[in-house]
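K.L.:
after the sequence you'll find the predicted model.
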There are 2 protein chains.
Amino acid sequence: MYAAMGALGLAPAEQEKDFVAPRPGDFSLRGKGAAKVVILGAGVAGLTAAYELGKAGYDCTLLEARQKTGGRSLTLRGGDRLTELNGQSQEVKFGEGVYFNAGPGRIAPWMVTLDYCRELGVPIETFVNNNAAAYVHTGGQTVRARTARADMYGYVAELLAKATHAGALDRAITKGDQERLLDFLRRFGDLGPKLEYEGSDRRGFVKYPALDDGTPVDAPGTLHRVLAAGTGRAITNDFGYEQATPMFQPIGGMDAIVAKLTEAVGRDRIKTGAKVTKITNLADGVEVVWDGGSIKADYCIAALPPHILAKIPHNLGAQVTTVLRTPVPVAAGKIGLEYGRRWWELEDRIYGGVTETDLDITHIWYPSHGYHSERGLLVGYYNTERNAELYAALAPEDRRRRALTQGKKIHGDKYRQNLLSSVSIAWDRQEHIQGGWVRWPSFDSSFTFLQRPAGRVYFAGDWLTHLIAWQAGAMESARGAVTQLHQRVLQSP
Amino acid sequence: MYAAMGALGLAPAEQEKDFVAPRPGDFSLRGKGAAKVVILGAGVAGLTAAYELGKAGYDCTLLEARQKTGGRSLTLRGGDRLTELNGQSQEVKFGEGVYFNAGPGRIAPWMVTLDYCRELGVPIETFVNNNAAAYVHTGGQTVRARTARADMYGYVAELLAKATHAGALDRAITKGDQERLLDFLRRFGDLGPKLEYEGSDRRGFVKYPALDDGTPVDAPGTLHRVLAAGTGRAITNDFGYEQATPMFQPIGGMDAIVAKLTEAVGRDRIKTGAKVTKITNLADGVEVVWDGGSIKADYCIAALPPHILAKIPHNLGAQVTTVLRTPVPVAAGKIGLEYGRRWWELEDRIYGGVTETDLDITHIWYPSHGYHSERGLLVGYYNTERNAELYAALAPEDRRRRALTQGKKIHGDKYRQNLLSSVSIAWDRQEHIQGGWVRWPSFDSSFTFLQRPAGRVYFAGDWLTHLIAWQAGAMESARGAVTQLHQRVLQSP
């Protein structure tokens, strides 16, 4: 069918979705009844599983070790308190309307997350993931993203145009295609009449055109300097399907999704502060013990991080434990910096987007909402692995100090002025989570092993998908587990 | 100072703004009083001039030939009526909350327009001007923008990598720079280990990764086919400083700016339906006659389109008339298509952005707001010059029919289904405007001539700037006229 549509010149179809939620009618047709399911973890995967099973009347109970639902999909606001495993604690002092998505912060348009936003009535807005006005800071130098891009594209176009003219492509492509290529390169690199890159108004201006034609920023450096600046990673950051522009966010904070899921599932079905201590597959069901009691159900969906789940005694077999221990937790950290004045909008003309750096802060995110408000919150670092571990090891006030010192290299003194408050999260120090996400050494049979149940225990989480670290992964995994479980219930004798 | 900041690696400053609004204190210091000013046209230029002069207490009167203020900054909603010069008239039938920016629809972040939004309290939101999920339709074929981009970049990177390896750059750049270049090309084109472009997951998927690693769209065509597709214009569309992502729009419709300006100026100062018929420079002032009376003032700011102004009898000299006739009106047209179902979000996963085409519709805009609402409005064409003239010559129902026929080539039958209503505008057929904007044959002394007053008559409008067709141009021009006029008043004996 795709081929046929292609032949007609029509838009290629995309995003086949084959999930069908369980329905009450599924049972009545077959004379079956919904089962009882205990779900371990009320993060996005656990909540999604309970939500989908609930549509068909499954009797779900969720056990959540933390004090609130949502897991890593955590949005912090004034009045919240954030405690770390070593006991250090931060009080969130943000003003009215200011929030910090400490976990996931953006949604790609093809992701199932948007379907849940629509279904649950979570209003969304555009998240700016690529901003020509944001900066690239590499090798101690700061340029606008638009400038870095114009220079790299300009020189690449010039080099290929020259090579084409010199006959370097004569064996590879026809003269006609060379002409088409040169047409593209002229446009792509904004080349001059001699097919040379002489700078471009795409680089930006000190004073933008108005009554006169403006004052451009200084002329581009040599090709050598442009290559040495190493802006490549930064300017290709949104080329992949996960990060391509535009992206989206719930209005008012990412936890709006979790809040709506929690509400739809029913708070009475969720036991918070309930830490699971034992999982036992029985002949006719599953028994789960937690620190406040035990529960017997027909099935279980274990929607905890694998390294947490691996520590819980169970009778699911040694291979389950081995596989749960296979994925490696990855550290991730973020700091929210609340300012009393949106200087990045007023002075830098940066409205949303990301500054890419080669510093240990990696990125600075500017808010894509509340433009022109008085207050605003920057994400002062969003880093992973060693950089995240470095910041995690610091006390919150030292993390802030370091983040400000780094940000000052880009934005100058104003980065330290008007700062009202800050909160930082080190995900590896969050109780019952202990990591930003996981990395599989390879997506081999270990990975697929836990996509199937161990007895009556199903597994779910972003870590069981190719969308690790995305809420969409948690949701897709939950859908997978729900589909299998429901089929089994329908087919059981 | 910029050099010094650069040396420190700090962000380059940008966007110097030197406008200082007139203040009441300017007069008291000099023992002068504010003057009386008549402003011709209550479009964005005229309103901005009145607003800025009003800050210092100037007594402004605006004469507007149309029935409402704003000129081309026109937003249409249900209940509005749009009449064209030949008498044909459209009733706007959009549902609650649906609007159509028939004139300007987006604002670049560096533009002064955003400063006015902030100052006037017009809330803004992100306008998606580049969407990887939107389409490129060229030569009868439709591909996602992400696919078109991945293929062009992939092949360009491969060609330059091969030329580099073949020694074609040996004279131009050092081996070290060649290595840096290859690093960049690998990333830029997502090249394989042999530095060949073998396709890329950046091209998109029929089924995106989730439990498995997804089903990619079909493999890329040959370099010849990719070059022949001619997607270059489309995929470089947002490279310039005017169109670079992100852009912005007022929440609820572009006319929010005009509405706030009108309110700030004071409706009692604006005579609508007042067509100017004569402008006379006097020794001690200016006299303006309109079809309902005449007014004498100390100064005049003529903020009408040049080709309209050129037709009004005046005593400003022959050169003024000659220059007013120099810029050439450019036709521009748009159609708003209101649908009862946002199929582009639900089925195509397009949330905002623009599909670029080589059809006479040129672009299709998807709304960047109200995501997941029931209704939504597409801009079914936004074209200029000959394409705009072609549509302008049709009756509104034929414009719609043609737009739907063209859009169907991209989106298939659904493009004609669920259509609730439509409205089209042909700017060259709007009374007292008669053009989308103008084009100067060259920005020579004719252009700058009218940046200075003719006697006591000043000129203002986007057409007197390098930001033609942008509200920012109208605003910058108004600021320029206000600055000159105010200086003159302060310095007059």
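P.N.:
Done, it's in. Numbers count the residues shown, from 1 in each chain, chains lettered A, B, ... in the order given.

K.L.:
domain ranges for chain A?
P.N.:
Residue ranges for each domain of chain A read A:36-67+A:272-327+A:440-491, A:75-133+A:244-253+A:330-429, A:145-229, as given by the TED database.

K.L.:
nearest to residue B:342, of the ones you listed?
P.N.:
Ranking the domains of chain A by proximity to residue B:342 (Cβ to Cβ) places domain A:75-133+A:244-253+A:330-429 first, at 9.6 Å. From N, CA and C alone the C-beta is placed, and that goes for glycine too.

K.L.:
how far off centre is the closest one?
P.N.:
Remark: domain A:75-133+A:244-253+A:330-429 is offset 12 Å from the chain centroid, using Cα atoms, centre = their mean, to the nearest Å.

K.L.:
stretch A:158-174 too?
P.N.:
A distance of 41 Å separates the C-alpha centroid of stretch A:158-174 from that of its chain, computed with Cα atoms, centre = their mean.

K.L.:
ok, and what's touching it?
P.N.:
With Cβ atoms under 8 Å, 6 or more residues apart in numbering or on different chains as the test, stretch A:158-174 has contacts from A:178, A:181-182, A:185-186, A:189, A:191, A:195-197, A:223, B:156, B:159-160, B:162-163, B:166, B:168-169, B:172-173, B:181, B:223-224.

K.L.:
follow-up on the earlier one: Serialize the domains of chain A to TSV and add fields for distance to residue B:437, mean neighbour count and mean pLDDT.
P.N.:
Below are the domains of chain A laid out as TSV (distance: least, Cβ to Cβ, whole Å; neighbours: other Cβ atoms under 10 Å in any protein chain shown; pLDDT from 0 to 100):
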stretch	distance to residue B:437	mean neighbour count	mean pLDDT
domain A:36-67+A:272-327+A:440-491	43	21	97
domain A:75-133+A:244-253+A:330-429	24	20	97
domain A:145-229	15	19	97
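
K.L.:
could those go into a markdown table alongside distance to residue B:334?
P.N.:
Converted to a markdown table, these look like this (distance: least, Cβ to Cβ, whole Å):
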| stretch | distance to residue B:334 |
| --- | --- |
| domain A:36-67+A:272-327+A:440-491 | 35 |
| domain A:75-133+A:244-253+A:330-429 | 22 |
| domain A:145-229 | 24 |
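
K.L.:
any chance you could map the strands in the stretch 251-400 of chain A?
P.N.:
Taking DSSP state E, counting those that start in this stretch, the strands of the stretch 251-400 of chain A run over residues A:270-272, A:276-281, A:286-290, A:293-297, A:299-302, A:328-330, A:332-339, A:353-357, A:363-366, A:376-384.

K.L.:
of the contacts of stretch A:158-174, which belong to helices?
P.N.:
Within the contacts of stretch A:158-174, residues falling in helices by DSSP state H are A:178, A:181-182, A:185-186, A:189, A:223, B:156, B:159-160, B:162-163, B:181, B:223-224.

K.L.:
which residues does the closest residue to residue A:277 other than its chain neighbours form beta bridges with?
P.N.:
When the adjacent residues along the chain are set aside, residue A:277 lies closest to residue A:289, with 5.2 Å between them (Cβ to Cβ, 6 or more residues apart in numbering or on different chains). Taking DSSP bridges, one obtains residue A:278, residue A:294 as the residues bridged to residue A:289.

K.L.:
residue A:289 contacts residue A:274, correct?
P.N.:
No: counting by Cβ atoms under 8 Å, residue A:289 does not reach residue A:274; the two are 10.3 Å apart.

K.L.:
which neighbours do the two share?
P.N.:
The contact sets of residue A:289 and residue A:274 do not overlap (Cβ under 8 Å, 6+ apart).

K.L.:
ok, the nearest residue to residue A:43 once chain neighbours are set aside - contacts?
P.N.:
Beyond its immediate neighbours in the sequence, the residue positioned closest to residue A:43 (Cβ to Cβ, 6+ apart) is residue A:71, lying 2.7 Å away. Applying Cβ under 8 Å, 6+ apart to residue A:71 gives the contacts A:41, A:42, A:43, A:44, A:46, A:103, A:433.

K.L.:
could you rerun that using 10 Å?
P.N.:
When contacts are counted by Cβ atoms under 10 Å, 6 or more residues apart in numbering or on different chains, residue A:71 is found next to A:41-47, A:64-65, A:103, A:258, A:303-305, A:430, A:432-433, A:461-462, A:471, A:474.

K.L.:
how about residue A:331?
P.N.:
In this structure, residue A:331 makes contact with A:383-392, A:426-429, A:434-437, judged by Cβ under 10 Å, 6+ apart.
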